[in-house]
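Undergrad: what follows is a protein structure lacking sequence information:
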């Protein structure tokens, strides 16, 4: 989608090109990194809990 800016007396406005998704790239990368970190922490915690349960069952 393009917007006709030929009406503007300012060259910078007439030549402006929206970067679209490029401007959201850093935000999306940060969100993904945070989600992956939380998932890894959850999996590590679950793994730790299951190994403790296995150890306590073998002690019985």
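TA: Perfect, I can see it now. As the structure is a computational prediction, the values presented were derived from the model and not from experiment.
Undergrad: just the buried positions in the longest helix along the chain, please.
TA: When the chain is parsed with DSSP state H, its longest helix is helix 25-59. By neighbour count on 16 or more other CB atoms under 10 Å, the buried set for helix 25-59 is empty. Using the backbone N, CA and C atoms, a C-beta is placed for each residue, glycine as well.
Undergrad: and that helix, how far from the chain's centre?
TA: 17 Å (CA atoms, centre = their mean, to the nearest Å).
Undergrad: flag the shaky bits of this structure, pLDDT-wise.
TA: Within the chain, the stretches with pLDDT under 70 are 1, 20-22, 58-60.
Undergrad: with adjacent residues omitted, what lies nearest to residue 8?
TA: Leaving aside its chain neighbours, residue 8 sits nearest to residue 14 (5.3 Å; criterion: CB to CB, 6 or more residues apart in numbering).
Undergrad: ok, that neighbour - contacts?
TA: 5, 6, 8 (CB atoms under 8 Å, 6 or more residues apart in numbering).
Undergrad: among those, which one sits closest to residue 57?
TA: Closest approach between these and residue 57, by CB to CB: residue 5, at 70.7 Å.
Undergrad: ok, the closest one to residue 15 distance?
TA: 8 Å (CB to CB, to the nearest Å).
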